[in-house]
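Colleague: just need the structure, nothing else, for what follows:
(chains A and B)
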2 protein chains.
Amino acid sequence: MYGLIGRIKAQPGQRDALAAILLEGTAIMPGCFSYVVARDPADADALWVTEVWDSQESHRASLSLPAVQAAIAKGRPLIAGFDSRTETEPLGGVGLAR
Amino acid sequence: MYGLIGRIKAQPGQRDALAAILLEGTAIMPGCFSYVVARDPADADALWVTEVWDSQESHRASLSLPAVQAAIAKGRPLIAGFDSRTETEPLGGVGLAR
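Modeller: Here you go, the predicted model:
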C-alpha cells in the first residue's frame, strides 16, 4: 500500500472552506482505502491530510479524476502552502475501506 | 472527532515486529474509526501511526483494554523512542469505520 501524510496551510480564515472542498472532491476515488482531512488544533490555518491507497499508481491516477481536478482548481486559491509531505508504506490497521 | 499522527522509532531491526504487535492489539477498539500503521520508507526504524477516534475519551479508554495493554507491554522493549506526536481534529473523509 501507499500512504501520504501532509500538512497544508490555508489562507487566513479559509481553512474550513478548504477542508470542505477537499472532502467534496474525494468521496469516490478508486484504490483509496483512507483519506482523512483534519484541523490542526495548534494552528488555525493548518489542515492535516492522511491517505492510504492500494498503490502509488492509484493515487497518481486519482489526480486526473474530474471531481479531484475540480477540487484542486477550486481549492488552490485558498492554499497558502504545503508545510510537509511524507510518503509512507501502510502495513494495515482499522478503517481501511478495502 | 479526535485524531493522532505519531512517529515511533523502533529498536534497530525491530520495526516489523513492532508493527505486528501494534496491529495485533488494535483490531477491536470501541470508538476507533481509523488506526493505520505504516513504515517510513526513508527510515528503516521508523513507523507512522495515524488514528481517528470518535472522541479523546474513547482513545484514552482504549489504553486500558486488555489487548492494548498486552500490546504495549509486548511492544515497549522494541521501542527506541517517540519522534513526534500531533493531535488533530478530523473533519471527515474516506475509510472512517463509523
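
Colleague: which one is the most centrally placed residue in chain A nearest to, not counting chain neighbours?
Modeller: Nearest residue to the geometric centre of chain A (C-alpha atoms, centre = their mean): residue A:49, 4.3 Å. With C-beta to C-beta, 6 or more residues apart in numbering or on different chains as the criterion, residue A:49 has its nearest non-adjacent residue at 4.9 Å, and that residue is residue A:6. Using the backbone N, CA and C atoms, a C-beta is placed for each residue, glycine as well.

Colleague: confidence score at the one you found?
Modeller: Per-residue confidence (pLDDT) for residue A:6: 98.

Colleague: which element is it on?
Modeller: strand A:2-10 (DSSP states H and E).

Colleague: low pLDDT regions in chain A?
Modeller: Residues of chain A meeting the criterion pLDDT under 70: A:98.

Colleague: give me every residue in it that's in contact range of chain B.
Modeller: Contact residues, chain A versus chain B (C-beta under 8 Å from any C-beta of the partner chain): A:1, A:3, A:5, A:19, A:23, A:26-27, A:29, A:32-42, A:48, A:50, A:52, A:86-97.

Colleague: sorry, back to before: shouldn't the residue nearest to the centre of chain A be in contact with residue A:21?
Modeller: No: using C-beta atoms under 8 Å, residue A:49 is not in contact with residue A:21; the gap is 11.9 Å.
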